[in-house]
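# Starting from these lines, generate the structure:
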Amino acid sequence: MATWQCVKQCGACCHLDPAERPDLDDYLSPTELELYLSMVGEGGWCINFDHTTRECCIYPNRPRFCRVESEVFQDMYGVEAEELNDFAIDCCRQQIEGVYGDRSLEILRFERAVGF
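I've put the predicted structure just below:
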């Protein structure tokens, strides 16, 4: 069975381009949407993403919408705790493939890490 986990130095989730997420206001509060949009920098990348280390500069203090946690996914997307693992895997695969490609090192590392 595949088990979701974050793969270090990937950063695909840090590509926040609102053009690729037209439904942001469906799951973010007005305050969160304002914060989200304020975090979008050059090329659609989060201003808190360090491209050299490929890590989040505010990881311990990142916003709620940047967290893969049961309560957050239940509230934002209506995903029940028992569905979180599969949902998170699908989300990551789509995001990684969209940002880096379906044959990228990042997708291969992710699939290996989660057990595909």
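# from here on, contacts and neighbour counts on C-alpha atoms
OK.
# which non-adjacent residue is nearest the spatially most central residue of the chain?
Nearest to the mean C-alpha position of the chain, counting by CA atoms, centre = their mean, stands Cys13 at 3.1 Å. Distances taken as CA to CA, 6 or more residues apart in numbering place Gln95 nearest to Cys13, at 6.6 Å, with adjacent residues excluded.
# could you say which helix or strand contains that neighbour?
Using DSSP states H and E, Gln95 maps to helix 84-100.
# and that helix, what does it pack onto?
Helices and strands touching helix 84-100, as assessed by 3 or more CA pairs under 8 Å, 6 or more residues apart in numbering; DSSP states H and E, comprise helix 105-114.
# Next, the buried residues of the helix it packs on.
Neighbour-count burial for helix 105-114, counted by 16 or more other CA atoms under 10 Å, picks out 106-107, 110-111, 114.
# Could you check how far the strand or helix carrying Glu34 is from the centre of its chain?
Applying DSSP H and E as the criterion places Glu34 in helix 30-39. Offset of helix 30-39 from its chain centre (CA atoms, centre = their mean, to the nearest Å): 15 Å.
# C-alpha coordinates for it, CSV please?
In CSV, the C-alpha atoms belonging to helix 30-39 read as follows (Å, rounded to 0.1, in the frame of the first residue of the first chain):
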residue,chain,number,x,y,z
PRO,A,30,-11.1,35.7,1.9
THR,A,31,-8.2,36.3,4.3
GLU,A,32,-6.4,33.1,3.2
LEU,A,33,-7.0,34.0,-0.5
GLU,A,34,-5.4,37.4,0.1
LEU,A,35,-2.4,35.8,1.9
TYR,A,36,-2.1,33.2,-0.8
LEU,A,37,-2.0,35.8,-3.6
SER,A,38,0.5,37.9,-1.7
MET,A,39,2.8,34.8,-1.6
